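Have a look; sequence and predicted model below, questions after that.
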Amino acid sequence: MKPFLILQARPETDAADQEFAAILGKCGLPPSRAHRLRLDREDLPAALDLADYAGVIIGGGPGCVSDAPAAKDPVEARIEAQLLTLMPEILARDFPFMGCCYGLGLLAHALGGEVSKARYGEPVGPSACELTPDGRSDPLTGDLEPAFTALVGHKEAVQALPDGCVHLVRSDPCPMQMIRYGDNVYATQFHPEADARDFENRINIYRNHGYFPPEAAAELIDACHGASVTEPPRILWNFARRYG
């Protein structure tokens, strides 16, 4: 069986390692079914062939697609540029793709959609989400509860549904929580790979990255552990079962 290509944009080793383990766990994949690339450490291979993979999964990261080029961290800018070079082929081939949080910004940007900090940023913590009518019939979300809690934390957001996309999941604070392009290209604003323990680790790692006041870390950790987050991981499970 072909492996999944897992592309990571987190320069922090602890966060990247925990995210990779979380993706494998929620997908139900052994390490042998994953080809992991940490793009802060290595470039996309020039000879990368999507036909060698069952699908592509992009994790989250501290970078913002909407930041001006001069404001981007050089490592984050290089990661973003590499990922954006891969998106045209994914879109043209309708290749199985799952973008998690940062991956939604990349997808929308590649489609010419508006990604910005104008509206819909969400503080770190649980968010109440619901399936749209299209979400209730989609192969990845149709078996989820129609209303569920997900874990979020993002400074930028997709401002409107990009052309050619289907809207699958919404919330009041951030309408574009999950979209699909074509039949096989998906992305979420929330973190389908994360549970409360994952978010506790990330809150501690990113407490000085501007997502929240550092003194609020303990309160946010308690809120994450107090939430029942059952449905988002099933999206990754369904993705791996459908394409793997």
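In hand now; what should we look at?

Centroid-wise, who is the farthest residue in this protein?
Each residue of the chain has a distance to the centre, and by Cα atoms, centre = their mean the biggest one is for Glu215: 26.3 Å.

Can you classify that residue as helix, strand or coil?
Following DSSP: H, G, I helix; E, B strand; the rest coil, we place Glu215 in the helix state.

That one and Glu145, how far apart?
According to Cβ to Cβ, to the nearest Å, Glu215 stands 34 Å off from Glu145. In short, each C-beta sits where N, CA and C put it, glycine included.

for stretch 105-112, which positions count as buried?
Under the neighbour-count criterion of 16 or more other Cβ atoms under 10 Å, stretch 105-112 has 105-111 buried.

Serialize those to JSON lines and add fields for secondary structure and distance to Ala223.
Formatted as JSON lines, the buried residues of stretch 105-112 follow (DSSP: H, G, I helix; E, B strand; the rest coil; distance: Cβ to Cβ, whole Å):
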{"residue": "Gly105", "secondary structure": "helix", "distance to Ala223": "24"}
{"residue": "Leu106", "secondary structure": "helix", "distance to Ala223": "28"}
{"residue": "Leu107", "secondary structure": "helix", "distance to Ala223": "28"}
{"residue": "Ala108", "secondary structure": "helix", "distance to Ala223": "28"}
{"residue": "His109", "secondary structure": "helix", "distance to Ala223": "30"}
{"residue": "Ala110", "secondary structure": "helix", "distance to Ala223": "33"}
{"residue": "Leu111", "secondary structure": "coil", "distance to Ala223": "33"}
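
how about the residues you listed in CSV, adding pLDDT and distance to Arg78?
Formatted as CSV, the buried residues of stretch 105-112 follow (pLDDT from 0 to 100; distance: Cβ to Cβ, whole Å):
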residue, pLDDT, distance to Arg78
Gly105, 97, 16
Leu106, 97, 14
Leu107, 98, 19
Ala108, 98, 20
His109, 97, 16
Ala110, 98, 17
Leu111, 98, 22
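
If anything else comes up later, I'll come back, but that's it for now.
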